[in-house]
Structure formats: C-alpha cells, structure tokens
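[1] Provided below for reference: sequence and predicted model.
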Amino acid sequence: QVQLVESGGGLVQAGGSLRLSCAASGRTFSNYAMGWFRRAPGKGREFVAAIRGRGSTTYYADSVKGRFTISRDNAKNTVYLQMNSLKPEDTAIYYCAATPSDCSGSGCFISRTYDYWGQGTQVTVSS
C-alpha cells in the first residue's frame, strides 16, 4: 500500500508561483511513475503532468507546458510540481497519483494508469 500526502497549495495572485509537494510511502519509490491531476469546479479530472520512474521522462498537458515543472527527489520519496505564471484557470484541487508499474507515453496521461491517489490540495489563483 502506498500513501500519498500533498502539500503546498494556497491562494496566489495571477502571475504568481506555488510549489506543490507529494510525499510517498514505499520502499521502491524510484520505480514509481508519479502524476499530478487537477479538478476545477464543475469540471472533470484533468491530467497536468507526469514523471516516469527510473529515467524520469516528463510529460505535460498543453495548458501548463512552459509554466509548470514536475520533478522528483527519490532520496526524499517526494515529487514536486513547480507552478509559475499562474492563471485564474489553474484554480483547482490538485491530486498526486502513483503507480508502481511505471507508465509510458500516452499511458502516463490517463488517470486509470495510477493505482494510488492523495487527498488533494486546493490551489486558488485570483485575478
């Protein structure tokens, strides 16, 4: 069983930055693919970014490419989402997700790829 705990959400003005963290339990964290998804008010869950295990290939949704960066620190069992140039449309609950099975290509974009989910952290961007 893998437990994920997100932190770092909050209220920020448009153009500002936030860094989300997701701490994971598990002895083989470096093998896990990790993803960030979000759910905006009245909308479905949306892929944001993912990072594969081992080689750390990264993927981004077009809406965040160039503004968000996903990274991982395997020594700390933690994945990060650095969010810059935030926009009001980035307002959502952000969820961290993990799969011990890794992922590849378009599979990393799909929520059902991931076996474990955090409780979510609220990000609110004011205009």
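    Happy to help now that I have it.

[2] Is the spatially most central residue of the chain in a helix, a strand, or coil?
    Nearest to the geometric centre of the chain sits W36, at 2.1 Å (Cα atoms, centre = their mean). For W36, the assignment made with DSSP: H, G, I helix; E, B strand; the rest coil gives strand.

[3] for G107, same thing?
    helix.

[4] Would you confirm that V125 contacts S85?
    No. The criterion here is Cβ atoms under 8 Å, and V125 misses it with S85 at 10.1 Å. Where C-beta positions appear, they are placed from N, C-alpha and C, glycine not excepted.

[5] Can you pick out the residue with more neighbours from those two?
    Taking neighbours as other Cβ atoms under 10 Å, V125 and S85 compare with V125 leading, 20 against 13.

[6] So the more buried one: helix, strand or coil?
    V125 ends up strand, using three-state DSSP.

[7] Quick check: the residue nearest to R67 when sequence neighbours are not counted vs L18, distance?
    The shortest distance from R67 to any non-neighbouring residue, by Cβ to Cβ, 6 or more residues apart in numbering, is to S85 (4.6 Å). S85 sits 11 Å away from L18, going by Cβ to Cβ, to the nearest Å.

[8] Same check on A40?
    16 Å.

[9] Which one of those two is surrounded by more residues?
    Taking other Cβ under 10 Å, A40 and L18 do not tie; L18 has more neighbours (21 against 14).
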